[in-house]
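Trainee: Give me a 3D structure for the following:
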Amino acid sequence: MLFERDDDTAANPATAAPIPDDTPTDRAAVMQQVAAFAARPAGRVAKWFWSALVALVGFIASLAAWDYVNGLLARSPVLGGIATALFALFVGALLVVLIRELAAMARLGRIDGVQRAAAAALAGDDLSAAQQVVAQLEGLYARRSDLNWGLQRVRERAPEVLDASGLLALAEAELVAPLDAAAEAEVQAAARTVATVTAVVPIALADLISALTANVRMIRRIAEIYGGRAGAFGAWRLLRTVMTHLVATGAVAVGDDMIDSVVGGGVMSKVSRRFGEGVINGALTARVGVAAIEVCRPVPFINRTRPSVRGLLRGALVGLFNRG
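Mentor: Next up, the predicted model:
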């Protein structure tokens, strides 16, 4: 069969229209979705609903287990005794988990209290309040073998300092500065992971799961570095606190100016769209890490410089991408 063409113009790839390519800034980055999801406030009706649902499911499960064990005891005392022992074992393990969760929440609350007291002592230039903060820090890090030298230095030099800012600066330099380095390393590792997965894996759902998992792990590790212990509920509380801080300060969005200054993302995204998206998600992960440091740090930044997203991202991407 022959088909006649209306025009005699020969097809030429040079004159073909370019294929549209969405840049990373044309659509929401996956980390923005994670931040918006985690920072979304829960309504009062939703809290009542979930509380009632958990209570109802727990009551029904307990009643069913009780009836099952009683029926098994009536039918076979041996099997009923085994079921009773297993049930008691499960309840004991559940109580241990709950106690650990409560202890972790209490430790996080202790760090929050130290942070608020340090901010108040700085604002009022209260030397006695600063001395109490330093005493709380010594108690918080008393069992940390890696801070023994810093604790000794603080005990030796603290009586010589006669102002609140100087005393807290001494505690920051001797106790918190080594923890800052470890926390920044965790942020760089998480940003590297998120950027790599985004650039390599072409599945959007995998990006979301990887970003959420990496950020939860990063926030938990940062809390542990500064002396907190985050269980399951504590990790979710920390994640919501950090994301709420990001949304409230408007630090979730990321622009081409920062990407260009870090790795030339505006140019490289034209070559590889996934590379540009990986850089953006890595930058947003670094911003989450900076916010987590600010939330988990027991004292505010005094003499030390707040870590920059640009520096953290540059350090995270060293070795992964060749800037030429």
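Trainee: quick one: secondary structure of I111?
Mentor: helix (DSSP: H, G, I helix; E, B strand; the rest coil).
Trainee: Going along the chain, name the helices of the protein.
Mentor: Assigned by DSSP state H, the helices in the chain fall at 30-39, 44-75, 77-124, 127-140, 148-157, 164-171, 177-200, 204-225, 232-249, 256-263, 265-271, 273-296, 309-317.
Trainee: Could you double-check that L108 sits in contact with G228?
Mentor: Yes. Assessed by CB atoms under 8 Å, L108 is found in contact with G228 at 4.8 Å. Where C-beta positions appear, they are placed from N, C-alpha and C, glycine not excepted.
Trainee: which stretches of this protein aren't confidently modelled?
Mentor: 1-43, 204, 230-236, 243-274, 319-324 (pLDDT under 70).
Trainee: Need the nearest residue in space to A65, chain neighbours excluded.
Mentor: F87 (6.1 Å; CB to CB, 6 or more residues apart in numbering).
Trainee: okay, now that neighbour: neighbour count?
Mentor: Neighbour count for F87, taken as other CB atoms under 10 Å: 15.
Trainee: That one and A64 touch, don't they?
Mentor: No. F87 lies out of contact with A64 (CB under 8 Å); the separation is 11.4 Å.
Trainee: give the contact list for the closest residue to R297 other than its chain neighbours.
Mentor: With sequence-adjacent residues excluded and distances taken as CB to CB, 6+ apart, R297 is closest to Y226, at 5.9 Å. Each residue near Y226 by CB atoms under 8 Å, 6 or more residues apart in numbering is listed here: I111, V176, L179, A183, C296, R297, P298.
Trainee: go again using 7 Å as the cut-off
Mentor: Contact analysis of Y226 by CB atoms under 7 Å, 6 or more residues apart in numbering lists I111, L179, C296, R297, P298.
Trainee: for I302, same thing?
Mentor: Applying CB under 7 Å, 6+ apart, we find I302 in contact with S165, L168, A169, E172.
Trainee: R100: how many residues sit nearby?
Mentor: Neighbour tally, R100, other CB under 10 Å: 14.
Trainee: so how far is L94 from it?
Mentor: 11 Å (CB to CB, to the nearest Å).
Trainee: Ok, R240 next?
Mentor: R240 is 24 Å from L94, by CB to CB.
Trainee: repeat for V154
Mentor: Applying CB to CB, the value for V154 to L94 is 41 Å.
Trainee: which of those two has more neighbours?
Mentor: Of the pair V154 and L94, V154 is the one with more neighbours under other CB under 10 Å, namely 21 against 10.
Trainee: Could you pull up the contacting residues of the most centrally placed residue in the chain?
Mentor: Centroid-nearest residue in the chain, with CA atoms, centre = their mean: I219, separated by 2.9 Å. Contact partners of I219, counting by CB under 7 Å, 6+ apart, are A235, L238, L239, V242, A292.
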